[in-house]
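Engineer: just to be clear, the model below is a prediction. Sequence and coordinates:
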Amino acid sequence: MKTTPRSPLRDIVARNMRRLRAERGWSQEYLANECGLNRTYLSAVERSEQNISIDNLYRVANGLGVESWTLLKVD
């Protein structure tokens with residue numbers, strides 16, 4: 001089975017999600033509730049194991065109170 005190489009953008013989103021969540025002192029469960037998403041899904045996104053859709057990127061950004069592009073920004 002052929003595997004697709006992981007995108008560096010996935011790592012950027014994961015890093016930004018973890019950082020913003022930690023800055024707020026929120027657990028993954030709290031953020032998941034704010035976004036209306038499953039905690040295990042968010043955990044996999046934060047570990048760069050799961051792709052995130054544009055719709056869910058918007059939901060996470062909204063839950064964190066930031067613009068969506070913030071999650072894509074390279075620091």
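Structural biologist: Sure thing, it's come through. Predicted, not measured: the structure shown is a model, and the values here were computed from it.
Engineer: gap between the residue nearest the centre of the chain and residue 60?
Structural biologist: In the chain, the centroid-proximal residue (Cα atoms, centre = their mean) is residue 17; its distance is 4.5 Å. Using Cβ to Cβ, to the nearest Å, residue 17 is found at 6 Å from residue 60. Bear in mind the C-beta positions are built from the backbone N, C-alpha and C, glycine included.
Engineer: I would like the residues contacting the lengthiest helix in the chain, please.
Structural biologist: The helix that spans the most residues within the chain, counting by DSSP state H, is helix 8-24. Under the contact criterion Cβ atoms under 8 Å, 6 or more residues apart in numbering, helix 8-24 has outside partners 28, 31, 42, 45-48, 51-52, 57, 60, 64, 66, 70-75.
Engineer: and the residue lying closest to residue 68 once chain neighbours are set aside, what pLDDT?
Structural biologist: Distances taken as Cβ to Cβ, 6 or more residues apart in numbering put residue 61 closest to residue 68, at 4.3 Å, once the chain neighbours are dropped. Per-residue pLDDT puts residue 61 at 98.
Engineer: residues in contact with residue 34?
Structural biologist: Applying Cβ under 8 Å, 6+ apart, the residues near residue 34 are 26, 63-64.
Engineer: take the residues you listed and keep only those in helices.
Structural biologist: Filtering those for helices - DSSP H - leaves 63-64.
Engineer: if any of the contacts of residue 34 are buried, put those into a PyMOL selection.
Structural biologist: Only the buried entries of the contacts of residue 34 go into this PyMOL selection, using 16 or more other Cβ atoms under 10 Å:
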select buried, resi 26+63+64
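Engineer: tabulate the contacts of residue 34 (a markdown table), appending distance to residue 6.
Structural biologist: Listed next are these as a markdown table, based on distance: Cβ to Cβ, whole Å:
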| residue | distance to residue 6 |
| --- | --- |
| 26 | 26 |
| 63 | 24 |
| 64 | 23 |
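Engineer: was I right to think the residue nearest to residue 68 contacts residue 70?
Structural biologist: Yes. With contacts counted by Cβ atoms under 8 Å, residue 61 reaches residue 70, the gap being 6.4 Å.
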